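Participant: prediction below, plus the sequence it came from.
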Amino acid sequence: MKVARSTTLVLMQQAADAKRAQPARTCIFCGGRPLTKEHVVGNWAGRFGDSDQLEIVHLADREGEPRPPRNSRSWSARAYDRQARVVCETCNNGWMSDLEAAVSPLLDAGELDGRPLSRIEQTLLAAWATKTTLTLNAAEPPESRVGSAGGCPALWP
C-alpha cells in the first residue's frame, strides 16, 4: 500500500511539473491573460444559419501520437456555437465585441435593403472576417493550424 501511495505521489508531482513547464497560453491578439471563451462566430450569426444540430467528433490531440477512435468523443451542436479559449477578457469584451456589434447588421440582407456596402462597412467586414479566421485557426490543434508543419501548407515562406 505504501508503494502505491508513493508511486501516486511521484506521478502527481511529475504531472504538476509538466504543467508548469508548458508555456502559459496568452491572447492571440495582445498577449494578455487570463483567457476567456470566445464564440468563433458570434451568437448573433445563428439567426442566419441552420438551426439543425450537427454531429461533432473531437479526437484526442496528443502531439506526435496517432488519434485513435477510442480517444474520441462526440456531441451535437450548431456549427456557429463553437467556442475557443484563445483571447483575453479585455479583447473579447472590448474591441472584438464592438466589431461583432458593428458587423452584425451588415450581414443581414433585410437590414441593408439592397444597398451596397460603403467602404467603411467593407473594411469592418474584412476586419471581422480576419478576426474570425485567426480565432478559428488558433482554436485548432497546433498540428492542424494553417502554417503548421502538419496542417495546411504555409501561405508564406
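Facilitator: Received it, and whenever you're ready, just let me know what you need.
Participant: give me the low-pLDDT residue ranges for this protein?
Facilitator: 1-24, 46-80, 148-157 (pLDDT under 70).
Participant: do a quick rundown of the strands in it.
Facilitator: Ranges of strands within the chain are 35-39, 54-59, 72-77, 83-88, based on DSSP state E.
Participant: can you give me the buried ones in stretch 33-44?
Facilitator: Under the neighbour-count criterion of 16 or more other Cβ atoms under 10 Å, stretch 33-44 has 35-36, 38-42, 44 buried. Where C-beta positions appear, they are placed from N, C-alpha and C, glycine not excepted.
Participant: need the max-distance pair from those residues.
Facilitator: The most widely separated members of those, counting by Cβ to Cβ, are 35 and 44 (22.1 Å).
Participant: partners of the closest residue to residue 25 other than its chain neighbours in the sheet?
Facilitator: Distances taken as Cβ to Cβ, 6 or more residues apart in numbering place residue 35 nearest to residue 25, at 6.0 Å, with adjacent residues excluded. For residue 35, the beta-bridge partners under DSSP bridges are residue 88.
Participant: contact partners for residue 35?
Facilitator: 25-27, 85-89 (Cβ atoms under 8 Å, 6 or more residues apart in numbering).
Participant: now residue 90
Facilitator: Residue 90 neighbours (Cβ under 8 Å, 6+ apart): 27, 30, 32.
Participant: for residue 34, see how far away it is.
Facilitator: 10 Å (Cβ to Cβ, to the nearest Å).
Participant: then residue 89?
Facilitator: 6 Å.
Participant: hmm, back to that, what's the closest of the contacts of residue 35 to residue 108?
Facilitator: residue 87 (24.8 Å).
Participant: returning to that earlier point: of the contacts of residue 90, buried ones?
Facilitator: If you count burial by 16+ other Cβ under 10 Å, the buried members of the contacts of residue 90 come out as residue 27.
Participant: and the contacts of residue 90 as TSV, adding distance to residue 140?
Facilitator: Formatted as TSV, the contacts of residue 90 follow (distance: Cβ to Cβ, whole Å):
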residue	distance to residue 140
27	17
30	20
32	21
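Participant: among the contacts of residue 90, which are in helices?
Facilitator: Per DSSP state H, helices hold no members of the contacts of residue 90.
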